[in-house]
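Asker: how would this look folded up:
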Amino acid sequence: MKKTVLFVLACLCLAATQALARDFVLTDTTGNVSIPEWTVSAKSLGFTDGPAFSVTKTTLHGGKQEGSTRITIVTPELEVSLIPTRGMDIYEIKSGGIRFGWKSPVDEIVNPAFMNLEMRGGLGWLDGFNEMMVRCGYEWTGHPGQEQGRLMSLHGRAGNTPASKVVVAIDDKAPHAIHVKGLIKENTFKFAALETWTELTVTPGVKCVKIHDVLTNNSDYDRDYQIIYHSNFGVPILEAGAKVLIPVQEISPFNDYAKKGLADWQTYLGPTKGYDEMVFNIRAYAGKDGWTPVVLRNKAGDHGIAVRYDAAELPVLTLWKNTDTLRQGYVTGIEPGTSYAYPRQIERKQGRVKSLAPGASQAFDVEYWPLTTGDEVAGFAKRVEAVAAGRTPKVVAVPMAKE
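Answerer: As a prediction, this is how the structure comes out:
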């Protein structure tokens with residue numbers, strides 16, 4: 001125990017003298033370091049030239065969440081919780097008294113040690129699914145399927161992979177942006193050596209959560225990759241009459257069931273027993289900055305969430321409408337990605353499975369903007385309208401593929 005503490009202190013002292021930010025190493029497999037409980041604040045760092053903030057790490061206990069870890073960032077505008085043991089995914093965002101996320105029947109933050117991704121024919125991923133944002137990938141994503149005699153389970157492994165290294169970095173200069181970085185390793189003998197440095201950034205005084213991830217192929221061979229940023233929202237934004245605003249270039253139903261929902265794809269029902277799920281494949285326009293804005297708002301238009309993503313990095317968008325009962329999981333997904341949710345063998349035939357050369361990297365950027373007033377909703381809605389610029393979406397009535 002004493003050796004571990006000394007190692008951590010040495011790391012912190014070295015980081016503080018070498019970096020422009022205060023770096024705090026909370027997990028590091030190379031040094032056998034894991035700090036179960038930890039906190040830092042603007043006050044403890046002696047910062048008086050910017051808004052107050054705190055960052056806290058806790059270790060959860062009991063049931064299937066035993067050993068799961070959670071990091072919570074609190075600023076005057078936001079409270080953000082992310083889960084290092086579950087692929088650095090975002091559990092929830094709170095702002096203005098509103099929770100951005102959803103209520104899943106899975107009511108614990110499940111430790112991946114209790115997961116079996118291949119159960120139920122590859123649907124085991126659902127046993128832990130309750131995050132606001134979960135990374136689906138990176139080796140593969142989409143619905144389960146067989147490729148070359150091997151089962152590709154639902155949505156890949158990244159979201160159920162504990163981070164091998166976790167670092168909290170806080171800028172020395174005001175407004176003291178907070179960066180939480182995590183290393184996710186998908187390394188398998190003979191098959192993959194994909195490592196992703198995830199980074200979540202919150203700047204005190206700004207009501208935005210930024211994601212910047214960098215995927216690297218550490219193999220000596222070309223390696224495939226796919227990613228979907230599965231971003232999920234329920235009540236109070238999602239309700240009867242809620243609406244999603246997307247600058248659509250082309251939209252098609254994922255399957256035959258979704259055909260009947262194509263005419264009113266933008267609006268939502270209230271909780272509806274037997275609704276099942278409807279999915280739509282979308283290509284959206286990007287603005288002059290190369291980013292695509294999407295807004296999900298409640299019926300009154302006085303609160304919502306904006307999702308922005310770099311369309312060159314994430315060229316397609318999946319819209320998932322799961323307006324089942326509240327207990328079953330009343331939720332919708334806004335999911336930018338490199339692929340749609342078809343099994344990998346279908347996405348490969350469609351030409352959407354990407355490849356990285358040995359040593360090559362690819363970045364992915366997504367932003368979440370909680371909207372807690374009517375003016376904020378209207379402002380982002382205008383951004384969507386500006387990108388669409390009066391162009392008529394192409395509606396394709398036939399699914400592009402069949403599972």
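
Asker: measure the closest residue to Gly241 other than its chain neighbours to Pro253 for me?
Answerer: The shortest distance from Gly241 to any non-neighbouring residue, by C-beta to C-beta, 6 or more residues apart in numbering, is to Lys299 (3.4 Å). Yep, even glycine has a C-beta here, placed from its N, CA and C like the rest. In this view, Lys299 and Pro253 are 24 Å apart by C-beta to C-beta, to the nearest Å.

Asker: So for the two, which residue has more residues nearby?
Answerer: Each of Lys299 and Pro253 has its neighbours counted (other C-beta atoms under 10 Å); Pro253 has more, 22 against 15.

Asker: The stretch 101-250 of the chain: strands as residue ranges?
Answerer: Taking DSSP state E, counting those that start in this stretch, the strands of the stretch 101-250 of the chain run over residues 133-138, 145-147, 150-152, 165-171, 178-188, 192-202, 209-217, 223-233, 243-245, 248-253.

Asker: contacting residues around the first one?
Answerer: Judged by C-beta atoms under 8 Å, 6 or more residues apart in numbering, the contacts made with strand 133-138 from elsewhere in the structure are 86-90, 142, 155-156, 158-159, 184, 186, 194, 196, 198, 211, 213, 215, 225-232, 335, 337, 366, 368.

Asker: And for Gly159, the neighbour number?
Answerer: Neighbour tally, Gly159, other C-beta under 10 Å: 26.

Asker: Who are the contact partners of it?
Answerer: 86-87, 89, 125, 128, 131, 134-136, 230.

Asker: Could you do Arg308 as well?
Answerer: Arg308 neighbours (C-beta under 8 Å, 6+ apart): 291-294, 366-367, 369.

Asker: same thing but at 6 Å, please
Answerer: Going by C-beta atoms under 6 Å, 6 or more residues apart in numbering, Arg308 touches 291, 293, 367.

Asker: Mind putting those into a markdown table with pLDDT and distance to Gly205?
Answerer: A markdown table is the format used below for these (pLDDT from 0 to 100; distance: C-beta to C-beta, whole Å):
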| residue | pLDDT | distance to Gly205 |
| --- | --- | --- |
| Trp291 | 98 | 22 |
| Pro293 | 98 | 21 |
| Glu367 | 98 | 16 |
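
Asker: from those residues, which would you call buried?
Answerer: Burial by neighbour count, 16 or more other C-beta atoms under 10 Å: within the contacts of Arg308 this picks out 291, 293, 367.

Asker: May I have the secondary structure class of Pro51?
Answerer: Under DSSP: H, G, I helix; E, B strand; the rest coil, Pro51 falls in the coil class.

Asker: Just to check, it is in contact with Pro204?
Answerer: Yes: the criterion here is C-beta atoms under 6 Å, and Pro51 meets it with Pro204 at 3.9 Å.

Asker: Looking at those two, which one has more neighbours?
Answerer: Ranked by neighbour count (other C-beta under 10 Å), Pro51 and Pro204 place Pro204 first, with 22 against 16.

Asker: now the strands: where do they sit in the stretch 251-400 of the chain?
Answerer: 278-284, 291-297, 304-310, 316-323, 330-337, 354-356, 361-371, 394-395.

Asker: With distance to Leu262 as added columns, please give those in JSON lines.
Answerer: Output for the strands of the stretch 251-400 of the chain, formatted as JSON lines (distance: least, C-beta to C-beta, whole Å):
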{"stretch": "strand 278-284", "distance to Leu262": "7"}
{"stretch": "strand 291-297", "distance to Leu262": "18"}
{"stretch": "strand 304-310", "distance to Leu262": "22"}
{"stretch": "strand 316-323", "distance to Leu262": "11"}
{"stretch": "strand 330-337", "distance to Leu262": "16"}
{"stretch": "strand 354-356", "distance to Leu262": "28"}
{"stretch": "strand 361-371", "distance to Leu262": "26"}
{"stretch": "strand 394-395", "distance to Leu262": "7"}
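
Asker: Alright, I will stop here.
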